[in-house]
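*Asks:* Provided below for reference: sequence and predicted model.
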Amino acid sequence: MKDITRAIKYFASYLKRYWMSLTFVVIVTIISTYFQVKAPTYMGKAITELATYLGQYMNPATHAVASKTPFYNALIAMIVFFVLTAITMFISSFISSRISAQASGRMRIGLFGKLQRMTIKYFDTHQDGEILSLFTSDLDNIFNAMNQAIFQLLSQFALFVGIVWMMFNQNTTLAWVTMASTPIAIVVAWFIISRARRFIDAQQDATGAMNGYINEQINGEKIIITQGLQAESIAGFMPHNEKVKEATFKGQVYSGMLFPLMQGLSLLNLAIVIFFGSWLVVSEGMDKAVGLGLIVVFVNYSQQYYQPITQITSIYNMLQLAVTGARRLSEVHEQNEETSPESGKKISTVQSGVTLENVHFGYNSEKEILHGVSINVKKGEMVALVGPTGSGKTTVMNLLNRFYDVNEGAVKFDNVDVRDLDLKSLRDHVGIVLQDSVLFSGTVGDNIKFGKPDATDDEMIDAAKQANIHTFIMSLPDGYQTNVDDENSAFSTGQKQLLSIARTILTNPAFLILDEATSNVDTVTEARIQAAMDNVIAGRTSFVIAHRLKTILGANKIVVLKDGQVIEQGSHESLVAEGGFYSELYHNQMVFD
Ligand SMILES: Nc1ncnc2c1ncn2[C@@H]1O[C@H](COP(=O)(O)OP(=O)(O)OP(=O)(O)O)[C@@H](O)[C@H]1O
């Protein structure tokens, strides 16, 4: 019930701007239903008039006065009503499709916009596939429901009410006879739908598990090939496929049963209606022509009567999926967004330095990761952070850029707490080169200009030269115009890092964070990256997280982090002389290098 309230709120928030169009759809649907349920009465009238005409025509006494005009009039009225039904249905379906497309378009924009305002925590705690499925399966389910189910629900409900109303208007006894089998129809439809739904749910679960397996195997394809495990991989796939096949088949069997069964029930009902109708006509001594007309009218209503029951029960599944989708999207919209203070201080450069003051931090309340960390980076200095894996180096970087807020203590730029700084201004002046460099679709030039789209070509080339990547770019078929998606220009990890350094150089950040930018590359590329890093660091206040200690020998200060605490800090020489943890780390690495 909570889900339904949430879904209604979600739909209402997007649909309220279309209230005029929606009201129009409701009115047109009611008019359309009126035409649809009224048409059979003219069909009945046409039959009555035809029977009357034939009676008069056959009788020599009335032969001369027999006229087909009333029959033709009723026939024309019937056709007009059928045509009007079709036209109004088309209008209503056209407008509701437009509303659905526009509303789901807005939902998509709303979701994408929301994601752009979300905290890093959200992305750290949700898988890519999970986020992507909000756009693919959830929004699709919502669109389908809005486009088909809601319109269907409205029109079928109106049809049901209209038919019942018209039947009672025409003949109460026959109306009850037609409706007598309703409970059976509802129970049958409900049983089949709930069985089918169980298998459809099982099918979705099995498909999810199968996709997970495929994803894992594709990611590990290199290991599978090198270890010759292809046959095992296929063997592991088989049970997943089998489960999907079974559940799909059973689901289809049940949902496929619904229409034939309802059709059968409807035909049985038709026979009952004809039987009782004829009995009624005879027992009430009705006029032959009127009685015939009445039976024709009820034959028609009885056929139409089952349609809403079948349709409404069969769209239940679609509605259920849309309710789930709306709940999942509402949950995203309820997530915290990044906050920037009302009139946050703006920064343009680093005047005195960047400091962490007695910082305590944990990603969640159960586990503290940093326990009172204090680091001071003076203006123009390069400070390097080293420490074993899991010691909290990346966490420090996350706090410097305000991806997360500290629990205790403070991160300060020129003695101003980052929480008091304008967030955009902070991000504009902090440049980051991450461990995994990402290229966006577009050209090499677009990628370098990503952070500063209005940069001139000369500025772009200058940044690429400083990043040691210009010569490589010029060797590509289209130089800076080369598309990064082009399969002939696949970029190595090192080249991606150099492009990412060029991108950072172009934004000319006041404070620079380099996160393990030299891991995963060969020694030649490492030397090029080192030179590029030296260029980007020169004259800037910077903070480097490095695993390869020789890349940070020139740092003004090295801070050693262990288990979330600073255990040593000083210059390379002084730390080596101290003979502590750093000294041991350095000598161990020198052996391997
Ligand atoms: N998003 C997160 N949510 C919860 N815990 C996290 C998150 N990111 C990191 N951690 C935990 O915080 C601790 C410090 O991780 P961090 O990534 O800062 O270490 P690191 O020194 O950068 O390690 P490495 O050298 O391996 O990159 C680890 O115990 C890790 O499991």
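*Replies:* Structure's in. What do you need?
*Asks:* need the longest helix for the chain.
*Replies:* Selection of the longest helix in the chain by residue count, based on DSSP state H, yields helix 230-283.
*Asks:* From the opening residue of stretch 397-404 to its closing one, how far?
*Replies:* Counting by CA to CA, to the nearest Å, you get 10 Å between the two ends of stretch 397-404.
*Asks:* Let me see the mean pLDDT of that stretch.
*Replies:* Averaged across stretch 397-404, pLDDT comes to 90.
*Asks:* got it, and stretch 86-102?
*Replies:* 91.
*Asks:* Can you give me the buried ones in it?
*Replies:* T88, M89, I91, S92, S93, I95, S96, I99, S100 (16 or more other CB atoms under 10 Å). All C-beta spots, glycine's among them, are computed from the backbone N, C-alpha and C.
*Asks:* Show residues contacting it.
*Replies:* Residues from elsewhere that reach stretch 86-102 (CB atoms under 8 Å, 6 or more residues apart in numbering): 15, 18, 21-22, 24-25, 28-29, 31-32, 35-36, 143, 146-147, 150-151, 155.
*Asks:* rewinding a little: can you flag which of the buried residues of stretch 86-102 belong to helices?
*Replies:* Among the buried residues of stretch 86-102, the members found in helices (DSSP H) are T88, M89, I91, S92, S93, I95, S96, I99, S100.
*Asks:* and these as a markdown table, adding distance to L267?
*Replies:* What follows is those, written out as a markdown table (distance: CB to CB, whole Å):
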| residue | distance to L267 |
| --- | --- |
| T88 | 28 |
| M89 | 25 |
| I91 | 32 |
| S92 | 29 |
| S93 | 28 |
| I95 | 35 |
| S96 | 31 |
| I99 | 37 |
| S100 | 34 |
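*Asks:* Select, from these, the two members most distant in space.
*Replies:* Taking CB to CB as the measure, those span a maximum distance of 18.4 Å, between T88 and S100.
*Asks:* got a list of what G372 touches?
*Replies:* N358, V359, H360, G409, Q565.
*Asks:* Now do the SS call for it.
*Replies:* Using DSSP: H, G, I helix; E, B strand; the rest coil, the structure places G372 in strand.
*Asks:* Do me a favour and get the backbone dihedrals for the residue with the largest distance to the centre of the chain.
*Replies:* What lies farthest from the middle of the chain is A61; by CA atoms, centre = their mean that is 76.7 Å. Dihedral pair for A61: phi -70, psi -40, per degrees, to the nearest 10.
*Asks:* before we move on, the earlier item: show me what the longest helix of the chain is packed up against.
*Replies:* On a contact count with 3 or more CB pairs under 8 Å, 6 or more residues apart in numbering; DSSP states H and E, helix 230-283 meets helix 172-179, helix 182-219, helix 288-314.
*Asks:* one more time with 10 Å
*Replies:* Here helix 230-283 touches helix 172-179, helix 182-219, helix 221-226, helix 288-314, going by 3 or more CB pairs under 10 Å, 6 or more residues apart in numbering; DSSP states H and E.
*Asks:* what is the mean pLDDT for that helix?
*Replies:* Across helix 230-283, the per-residue pLDDT values average to 88.
*Asks:* quick one, that helix and helix 288-314 angle?
*Replies:* Here helix 230-283 runs at an angle of 160 degrees relative to helix 288-314 (axes from the mean of the first three to the mean of the last three CA atoms, to 10 degrees).
*Asks:* Adjust the sequence numbering to begin at 14 for everything that follows.
*Replies:* Got it, the first residue is 14 from now on, which makes the last one we talked about helix 243-296.
*Asks:* Quick check: residues of this protein near the ligand?
*Replies:* Taking CB under 6 Å from any ligand atom as the contact definition, the chain meets the ligand at D137, Y376, I382, G400, T402, G403, S404, G405, K406, T407, T408.
*Asks:* per-residue confidence at the second one?
*Replies:* By that I understand Y376. pLDDT, Y376: 93.
*Asks:* Touching, it and I382? I think so.
*Replies:* Yes - counting by CB atoms under 10 Å, I382 is a contact partner of Y376 at 6.5 Å.
*Asks:* what is in contact with the two at once?
*Replies:* Shared contacts of Y376 and I382 (CB atoms under 10 Å, 6 or more residues apart in numbering): T408, N411, Y417.
*Asks:* now the strands for the stretch 414-563 of the chain?
*Replies:* Using DSSP state E, counting those that start in this stretch, the strands of the stretch 414-563 of the chain run over residues 421-426, 429-430, 443-446, 524-528, 554-558.
*Asks:* Mind giving me the packing neighbours of the last one?
*Replies:* Just to be clear, that refers to strand 554-558. strand 366-374, strand 383-391, strand 395-399, helix 406-413, strand 443-446, strand 524-528, helix 536-550, strand 570-575.
*Asks:* Adding distance to H253, write those out as JSON lines.
*Replies:* Compiled in JSON lines, those are given as follows (distance: least, CB to CB, whole Å):
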{"stretch": "strand 366-374", "distance to H253": "41"}
{"stretch": "strand 383-391", "distance to H253": "42"}
{"stretch": "strand 395-399", "distance to H253": "44"}
{"stretch": "helix 406-413", "distance to H253": "35"}
{"stretch": "strand 443-446", "distance to H253": "40"}
{"stretch": "strand 524-528", "distance to H253": "37"}
{"stretch": "helix 536-550", "distance to H253": "40"}
{"stretch": "strand 570-575", "distance to H253": "43"}
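*Asks:* least reliable of these going by mean pLDDT?
*Replies:* Minimum mean pLDDT among the helices and strands packed on strand 554-558: helix 536-550, a mean of 79.
*Asks:* Of all the residues in the stretch 64-213 of the chain, which one is nearest the ligand?
*Replies:* In the stretch 64-213 of the chain, the residue found nearest to the ligand is D137; the distance is 3.6 Å by CB to the nearest ligand atom.
*Asks:* who touches that residue in this structure?
*Replies:* Contact analysis of D137 by CB under 10 Å, 6+ apart lists Y376, N411, F416, Y417.
*Asks:* again, but for R210
*Replies:* G264, Y267, S268, Y329, N330, Q333, L334.
*Asks:* hang on, the earlier thing: just the buried members of the contacts of stretch 99-115?
*Replies:* 28, 31, 35, 37-38, 41-42, 44-45, 48-49, 156, 159-160, 163-164, 168.
*Asks:* Domain ranges for the chain, per the record?
*Replies:* Per the record, the chain has its domains at 15-346, 366-605, by automatic domain parsing.
*Asks:* Turn these into CSV, columns for distance to S356.
*Replies:* Rendered in CSV, the data for the domains of the chain read as follows (distance: least, CB to CB, whole Å):
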stretch, distance to S356
domain 15-346, 19
domain 366-605, 8
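*Asks:* Tell me which of those lies nearest to G357.
*Replies:* Across the domains of the chain, closest to G357 is domain 366-605 (CB to CB), at 3.4 Å.
*Asks:* Kindly tell me how buried the closest residue to K256 other than its chain neighbours is, as a neighbour count.
*Replies:* Excluding the flanking residues, the one nearest K256 by CB to CB, 6 or more residues apart in numbering is A219, at 4.1 Å. Neighbour count for A219, taken as other CB atoms under 10 Å: 21.
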